[in-house]
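Chemist: have a look at this prediction, sequence included:
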Amino acid sequence: MKIVDIKDLEYELRMLLGADKMVLLFEEKGVGNQVNFFKDSVYLHARCLYSFFYKNRGRLTNGLGFEMNEYESKWMEPLNNFVMHINASGIRSGGGNIQSSIHLNQKTHWFASDIVRLWSEWIDSTTDQTFKEILEKSLKTAQNDAQNDYDGLLSKLEKA
């Protein structure tokens, strides 16, 4: 994998975890509809990362695959079709936003956690020590940046 490729994935991870932290903060503060801006961002960046993991099946460094059953069976179609596409008549297409009686809006934190799980599995399955360190640093940086965003906005909201 080239450095350029990993930078794109780092960006997606950073945006996903940051948006998820903002969803958490906005839910805690009862902000209202604005939380949906961040939920849409979670869906978008989770979809990008799932697409990466799904298409590659984790076979990037040593041929091991990742466990993606719940994403494949329940959430791939809603993220790919319902959330991200509107057909020519303006109606969302695809599998809808409720799967097994669970609304997509209830899954934002799960998507972020599941991507972290997949990223961690990627780290664990990587045999190249240099690349493993890059992946570890990427995850830690994304998590720290997301927490800093949360803390910074919380501080501003409390001062307002």
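Modeler: Great, that's in hand.
Chemist: distance-wise, check residue 160 relative to residue 105.
Modeler: 26 Å (C-beta to C-beta, to the nearest Å). From N, CA and C alone the C-beta is placed, and that goes for glycine too.
Chemist: more neighbours, those two?
Modeler: Neighbours per residue (other C-beta atoms under 10 Å) separate residue 160 from residue 105, with residue 105 holding more: 14 against 5.
Chemist: buried residues, stretch 21-38. List them.
Modeler: Judged by neighbour count (16 or more other C-beta atoms under 10 Å), stretch 21-38 contains these buried residues: 21-26, 35, 38.
Chemist: quick one: contacts for the residue minimising distance to the centre of the chain?
Modeler: The chain has residue 46 as the residue nearest its centroid, 3.1 Å off, counting by C-alpha atoms, centre = their mean. Residues in contact with residue 46 (C-beta atoms under 8 Å, 6 or more residues apart in numbering) are 16, 79, 111-112, 114-115.
Chemist: at 10 Å instead, please
Modeler: 12, 15-16, 19-20, 71, 75, 79, 83, 107-108, 110-112, 114-115 (C-beta atoms under 10 Å, 6 or more residues apart in numbering).
Chemist: all helices for the protein, in order.
Modeler: 3-29, 35-56, 69-70, 76-77, 108-125, 129-159 (DSSP state H).
Chemist: in a markdown table: those, plus distance to residue 101 and mean pLDDT.
Modeler: Listed next are the helices of the chain as a markdown table, based on distance: least, C-beta to C-beta, whole Å; pLDDT from 0 to 100:
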| stretch | distance to residue 101 | mean pLDDT |
| --- | --- | --- |
| helix 3-29 | 20 | 92 |
| helix 35-56 | 19 | 87 |
| helix 69-70 | 14 | 66 |
| helix 76-77 | 16 | 76 |
| helix 108-125 | 15 | 91 |
| helix 129-159 | 29 | 95 |
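Chemist: of these, which approaches residue 100 most closely?
Modeler: Among the helices of the chain, the nearest to residue 100 by C-beta to C-beta is helix 69-70 (9.6 Å).
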